[in-house]
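**Q** everything below, folded, please.
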Amino acid sequence: MIRGVHHTSITTADRDRLVAFYRDLLGFEVVSQSEWSGSNPAADAIFGLKDSAVRMAMLRASNAYLEIFEFAHPKGQPGDHDRPVCDAGVTHICLCVSDIQGEYTRLKAAGMRFHCPPQGAGAVGSATYGRDPDGNIVELIEPDPAGPFAFPA
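**A** Sure, this is the predicted structure:
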């Protein structure tokens, strides 16, 4: 039985930079960090890779976990910092906020790029898309408390 989503994972060329962004700017807590260089048959089997060398971190915000990988081997292709949301694949992570305008203003002042200011999104509430330092999309949403996507108080 599937119980829910546990975490989202992002691969980056710079684990420390991305951990700092999610920890220092978005308030995630680092719950673990580890690394290995070769000779990790279990990880290689899961990843479908050979002789992986990885630095990773697991972060948490409330009930959401975010896993960040930096592969020293094999080296992956660089990501597109402006990948459109219409391309196939995972498009974004979404963070629930209680003051979307305040968070937008704070994050924009800290240098986070946004597609637009927060917009009314009907029954969803208000939302906007921004980008982390690698160009991954981070959605901020403030659900309508009376709408179908509201979090329990």
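
**Q** which residue packs closest to G27, ignoring adjacent ones?
**A** A61 (6.2 Å; Cβ to Cβ, 6 or more residues apart in numbering). The way it works is simple: take the backbone N, C-alpha and C, and place the C-beta from them, glycine included.

**Q** ok, that neighbour - how many residues close by?
**A** When neighbours are defined as other Cβ atoms under 10 Å, A61 has 15 of them.

**Q** and the strands in this protein, which stretches?
**A** 7-11, 29-37, 53-61, 64-73, 92-96, 113-114, 119-120, 125-131, 137-143 (DSSP state E).

**Q** then the last one to PDB, C-alphas only?
**A** In PDB, the C-alpha atoms belonging to strand 137-143 read as follows (Å, rounded to 0.1, in the frame of the first residue of the first chain):
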ATOM      1  CA  ILE A 137      11.500  25.400 -10.100                       C
ATOM      2  CA  VAL A 138      10.300  26.000  -6.600                       C
ATOM      3  CA  GLU A 139       6.600  26.900  -6.300                       C
ATOM      4  CA  LEU A 140       5.300  28.900  -3.400                       C
ATOM      5  CA  ILE A 141       1.600  28.400  -2.700                       C
ATOM      6  CA  GLU A 142      -0.700  29.900  -0.100                       C
ATOM      7  CA  PRO A 143      -3.800  27.700  -0.300                       C
END
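
**Q** that strand pairs with which strands, and in what direction?
**A** If you go by DSSP bridges, strand 137-143 pairs up with strand 92-96 (parallel), strand 125-131 (antiparallel).

**Q** check what contacts that strand and list those residues.
**A** Applying Cβ atoms under 8 Å, 6 or more residues apart in numbering, the contact partners of strand 137-143 are 26, 85, 91-100, 103-104, 107, 112, 118, 121, 124-132, 149-151.
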